[in-house]
Structures are given as C-alpha cells and as structure tokens.
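>>> Take this sequence and fold it.
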Amino acid sequence: MRYATVAGLAGLLCLLVAWWSGLPNQDVVPPEHRAAMIPPPAAQPRDARAGNIHGTPTPQVASPDSPASRLLELLRQERYQAAVAWYDDVSRTLNDASNRALRDLIVDHARELQTSLQPERVSRLLGEYTGLFYKDVAALLLLARSQHSLGLFDAEIATLYQALNEAYQQTELSALRRQLQAAVGGRLAQLRTEQNPQAVISFYQDLLAREPDYGPFQLGLAAAAVASGDFTTARRQLRLISDPQLMDEADALWRQMADRSPPVEGDTAILPLQRAGAGFVVAATLNRVHPVRLLIDTGATLTMMRPETLRRAGVATDIAGRSVRFDTASGSLSAPVVRIDTLSLDNLAVSDLDIGVITLPNLTGVDGLLGMNYLRHFRFTVSQRDGTLSLSRTDPR
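Take a look at the predicted model:
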C-alpha cells in the first residue's frame, strides 16, 4: 500500500513537470514586449478636443506595431500634419488614459525639439496639433515660446490669448501673463527700431481691443501717445486708469503733457487761498451751483469729498459702485468712487470727474481734498508768500 502511494505521487509530479515545460519562458520575454501581450482597452466615449497636459511621463513604446510606435515614427520623420491627423483618427477608438499618453508623446517630443534649439520644428508641430486640440494650455504655451524664439511676436500674442481663454489654474495664468509681457516687450522693441510712433500706438490699440480694461496697456498707449504728441489720445487713456499701482506713472505723463502744452488762451485764474494748519484751502464749485471748500493735496491721486457734501449737491453716494485704493499725503485709503458732472475753480471747470467718498474725521472746516485728477489738467503754482493758487489750463476742454 505504501509503495502504491509513493508511485502515485511520483506520477503526479511527472505530470506537473511536463505541464510546466510547455509554458512560455517568462524570463526571456523582453519588458518592452510584455505590454503587447495585454489586449488594448475597449473604446469609450470622449471629447477628442479636450484636455490640458500637465507633464505626464512619456509612455514606453510597447511594440513596433503599437499606436505609440506609429506616432513616434511619424514625428521623427517630421510628418507633423500626418502625425496629428493619424492621432485624431485613432484617438476615437482609445480610452482617456491611452489618449493622454499619446498626447503627452506629442508634447514631450515638442519639448525635446525646443531643448535642442529647434523652435521652427516646434512651431510647425504644435501649430498643427493646437489647430485641432485648441484647449491644451501646456501645448499652447510651448508653441508661444517657440514663436518667441523665432521673433514671431504677433503670432505669439495671439497664441497666448487663445491659451488665456482656456486656462483656469493660477499657475497656468501666471505663466501665460509672464510670457505675454515678454511677447509685448519683444514686439515693442521691433517697432521702436522702425522709428514709427504711430505703429506703436496701433499696437497698443490692438492689445486694448483684446483687453479694454487692462491698465498696463492703457498706460502704454498713453505713453506712446505722449511721445508722439497725440495728447488727445493720451488724456483719454489716462482718464480710464484706475489701478492705484499705475497712478504714479500716470501722473508723470500728465506732468509731461502740462510741461509741453502751452496754456489755453483765456483759461487762467489766480485764486486766493486760506491757510489751514500746514496746508491751504481753496473755494470751488460742485456741479456749477454748490460751493465747497477743498484742502489742496498734491499727494492725493483723487479728489475726495464728504458724503454729506455730495448728497447736498444731489450726488448719490449709496449706489453700488467701484471702490478704489488711492494715495493721499497722509497715506493710503480705500473708498467708494462716484462721478460728478463738474468741479470748478473760478472759471476753470473739469467735467466727468471721479470723486472718492470719505468722511475726513480729522479735518474740520473743509468739504474735501483737491487732488491731482483735477490739478493735472493745469499748470499750477501755489504761492505761500502771496497766498494764491495760479492755474493755467493745458488740457483743452
């Protein structure tokens, strides 16, 4: 009985050895070919145009007949149009993970070209790719950088605005803004070598058509207009600037225009001042009817008035409007802003003037502060000896 059991076990062992001998030798299958033994994933519905790329590693080529191998072959042959068209077609049969891997292969190939200083090839490849996959922010930024290397700044700016329309992450937006600043600087350098001031003005006007409220472009257009002597355009842009960080540069442009502009005939006045501590108070008229007393503050970017003073003149101060942070001689303040019809000193009126609404608890006997958004329209002098304010209009009405 014992011998029969042993014989049975030996026979079973022989069968197992024979079965194992018939299996493929796993150790001799190369790693790069193992993926080819895995069936491809089933197709799933997807948006073939969607997806931002965030640096997923390039997939390993599974086999000479794999989609990745076919795509890489077309890229290496510089058949970029065919590569993108082939990917667009095959992507409809792949799942999201497989699609992302192939998209990464295209973008990483472009990065390798950029690293090896081949921006023309990068521009051709990603021009084809982003023509179809226009939401890929990483690819658009890489395309813009290649265009910058080629000096194609107008094309770079267009690419960056396409990316800004799709980006939502702060890191992406910051990178795109930095690149846009470089693109604008590059194009301005080109235009200035041509010594064509009107071309610079037109360039800024095109930028503002894309972003009408972007303060740096408003300031840039104003500076270009001042340089060319177009003070009308400069004044129009400077009145639109509301960013407190740009006010010092804006005021410098106002002073340049005042220094270069002759006084407007008949628009001069000499007004008496009343001393108030270390400052001076001048009489003014709000909306052509209501008398006000304002403390001259050349350190204030905006003229400011108490809310009760504005309400007496029929100016609503409780409506929802913009709030602005601005500088005064005493420091920085944040306050709501309203717009009045006119503010006049003697016969010198400025229309459509922004007024900061503040309470001024530390000032008595005055209705507000007279700031630079009124004074910059004039060449002015305060004579402490005579106690007068002399104004000569340099900004035609």
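
>>> just checking, next helix/strand downstream of the top strand by length along the chain?
The longest strand of the chain (DSSP state E) is strand 331-345. Where DSSP states H and E defines the elements, the next helix or strand beyond strand 331-345 is strand 348-357.

>>> Give me the sheet partners of that next one and which way each runs.
Strand 348-357 pairs in its sheet with strand 303-305 (parallel), strand 331-345 (antiparallel), by DSSP bridges.

>>> Redo the ones you listed as CSV? Include mean pLDDT.
Output for the strands paired with strand 348-357, formatted as CSV (pLDDT from 0 to 100):
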stretch, mean pLDDT
strand 303-305, 92
strand 331-345, 84
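
>>> could I get those strands as CSV with mean neighbour count and distance to L219?
For every residue, glycine as well, the C-beta is placed using N, CA and C. Compiled in CSV, the strands paired with strand 348-357 are given as follows (neighbours: other CB atoms under 10 Å; distance: least, CB to CB, whole Å):
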stretch, mean neighbour count, distance to L219
strand 303-305, 25, 21
strand 331-345, 16, 19
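
>>> which stretch among the ones you listed comes nearest L286?
strand 331-345 (6.1 Å; CB to CB).

>>> now the strands paired with strand 348-357 as TSV including distance to D108?
Output for the strands paired with strand 348-357, formatted as TSV (distance: least, CB to CB, whole Å):
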stretch	distance to D108
strand 303-305	57
strand 331-345	47
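
>>> Would you mind telling me which of the ones you listed is nearest G371?
strand 303-305 (4.2 Å).

>>> all helices of the stretch 51-200 of the chain, in order?
Applying DSSP state H, counting those that start in this stretch to the stretch 51-200 of the chain gives helices spanning 67-76, 80-90, 96-115, 119-132, 137-149, 153-166, 170-193, 197-210.

>>> Name the stretch among the ones you listed that sits most buried.
helix 137-149 (a mean of 24; mean count of other CB atoms under 10 Å).

>>> what's the average pLDDT for it?
Helix 137-149 shows a mean pLDDT of 95.

>>> That one to helix 119-132, inter-axis angle?
140 degrees (axes from the mean of the first three to the mean of the last three CA atoms, to 10 degrees).

>>> and helix 137-149, what other elements does it pack with?
Judged by 3 or more CB pairs under 8 Å, 6 or more residues apart in numbering; DSSP states H and E, the packing partners of helix 137-149 are helix 96-115, helix 119-132, helix 153-166, helix 170-193.

>>> could I get those helices as JSON lines with distance to L74 and mean pLDDT?
Below are those laid out as JSON lines (distance: least, CB to CB, whole Å; pLDDT from 0 to 100):
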{"stretch": "helix 96-115", "distance to L74": "10", "mean pLDDT": "91"}
{"stretch": "helix 119-132", "distance to L74": "10", "mean pLDDT": "94"}
{"stretch": "helix 153-166", "distance to L74": "23", "mean pLDDT": "95"}
{"stretch": "helix 170-193", "distance to L74": "29", "mean pLDDT": "94"}
